[in-house]
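[1] structure here, sequence nowhere to be found:
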């Protein structure tokens, strides 16, 4: 027998803080109404302003603010990125963990996974030397977009890097939003030219595995492997500096983190458009050893983009992320005399469009709601312009 549990998960739960702004919005609405009344009295005089107030429909005014408040709540819920997740689990009598056996009365669940893409935006990524005839950056963006399309059950995030790391999209289930912002990423997205892998990996270690979390984090670095400091070193110093770069990752637990790397560009290289050093063009080529050593340290794999046609790389990369080393299982207290062995979770079904459509409908209804009570207008008009 397979036990199935349904749950609503949220890709951006921090958006719930927007609900706290609702009292302020209501207060501002009534403040605006008071300002309108005061302006009418100043312009029309007391008598006409009172007649104007009588012509306005009080029930419609109350209904309008109610609709606007509900629209705000629905929009906040949509920003929380709700999704419907079905989790299947099969009963089991025991499960070995760390050489021991879990006692009955426990169940197992699959840990959530964040897949974060780290995109190189240094000037060398503007070189055109890919098999598709694109710049390295455009090829890298296509690889990321195609891979994200295949990771429907995982949160995905996007960071850009050169000398520093810039968060473009925090981990989210809204893959459409990530792909939209991915299209807008440009060369020197971080505002600084050059590449410093040592600093970048140090910052990533602090931000990604410096804080305890129950999530399984997969990092995918897409780059040409160039490093500003490494390029200027002699051969005897190069090997030791490569070790210093990789050492910034520290100790990586394969049950907690993984790192995959993707190399874009060619080994022969091309000159960087619009960039010169001492009056000469700068040649940039793929540097695979940096990316290979980072992947080895991160218990992942290195992929060279020019060895794949079309979407072949995205298929290989997504398969490695999903199947190569799936997130480990965690024990959690269950009910009854047995425990459950979690099976592979199906893709989450996005639900954000439902509250979004509701918010739009409520807003349109509030805008179309009549402000004037037409039954009260005729008597007022007769008072102002009595019939002869």
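    Looks like it came in fine. In this text, all values refer to a predicted model and were calculated from it rather than measured experimentally.
[2] which stretches of this structure have low pLDDT?
    1-7, 36-37, 39-58, 85-111, 210-213, 324-348, 371-388 (pLDDT under 70).
[3] what's the domain layout of it?
    With domains defined by automatic domain parsing, the chain comprises 3-80+352-384, 82-109+333-350, 112-327.
[4] pick the most deeply packed of these.
    Of the domains of the chain, the one with the most neighbours on average (mean count of other Cβ atoms under 10 Å) is domain 112-327, at a mean of 18. C-betas here are computed from N, CA, C, even on glycine.
[5] that one: how far from the chain's middle?
    Between the mean C-alpha location of domain 112-327 and the chain-wide mean there is a distance of 17 Å, by Cα atoms, centre = their mean, to the nearest Å.
[6] can you give me the end-to-end distance of stretch 281-289?
    This stretch, stretch 281-289, spans 24 Å end to end (Cα to Cα, to the nearest Å).
[7] try stretch 162-180
    End-to-end distance for stretch 162-180: 21 Å, by Cα to Cα.
[8] with stretch 295-310 instead?
    End-to-end distance (Cα to Cα), stretch 295-310: 23 Å.
[9] need the residues that contact it.
    For stretch 295-310, the external contacting residues (Cβ atoms under 8 Å, 6 or more residues apart in numbering) are 130-131, 139-140, 143, 218-219, 246, 249, 252, 254, 257-266, 286, 288, 291-292, 313, 316-317, 320, 324-325.
[10] name the element residue 167 belongs to?
    In this structure, residue 167 sits in strand 165-172 according to DSSP states H and E.
[11] next secondary structure element downstream of that strand?
    Following strand 165-172 in sequence order, the next helix or strand is helix 175-183 (DSSP H and E).
[12] so what does that next one touch, helix or strand wise?
    Helices and strands touching helix 175-183, by 3 or more Cβ pairs under 8 Å, 6 or more residues apart in numbering; DSSP states H and E, are helix 136-150, strand 155-161, strand 165-172.
[13] against which helices or strands is the first one packed?
    Read that as helix 136-150. Helix 136-150 packs on strand 113-120, helix 175-183, strand 216-223, helix 312-319, going by 3+ Cβ pairs under 8 Å, 6+ apart.
[14] residue 189: which of the ones you listed is closest?
    Across those, residue 189 has its closest neighbour in strand 113-120 (8.0 Å, Cβ to Cβ).
[15] adjacent strands (with direction) for the closest one?
    Strands that pair with strand 113-120, judged by DSSP bridges, come out as strand 155-161 (parallel), strand 216-223 (parallel).
[16] out of those strands, nearest to residue 349?
    Minimum separation from residue 349 across these (Cβ to Cβ) falls at strand 155-161, 14.7 Å.
[17] neighbouring strands for the strand holding residue 167, and are they parallel or not?
    strand 155-161 (antiparallel).
[18] follow-up on the earlier one: turn the helices and strands packed on helix 175-183 into CSV, columns for distance to residue 24.
    Output for the helices and strands packed on helix 175-183, formatted as CSV (distance: least, Cβ to Cβ, whole Å):
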stretch, distance to residue 24
helix 136-150, 36
strand 155-161, 31
strand 165-172, 25
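[19] compare those and give me the one nearest residue 63.
    Once the helices and strands packed on helix 175-183 are compared by Cβ to Cβ, strand 165-172 is nearest, at 34.8 Å.
[20] got the end-to-end distance for stretch 192-200?
    By Cα to Cα, the extent of stretch 192-200 from end to end equals 13 Å.
[21] identify the residues contacting that stretch?
    118, 120, 122-124, 161-165, 223, 226-230, 244-245, 248, 290, 294.
[22] swap in stretch 17-28?
    Stretch 17-28 is contacted by residues 65, 68-69, 72-73, 75-76, 79 when judged by Cβ under 8 Å, 6+ apart.
[23] quick one: which of those is nearest residue 154?
    Using Cβ to Cβ, residue 79 comes nearest to residue 154 of the contacts of stretch 17-28, at 19.9 Å.
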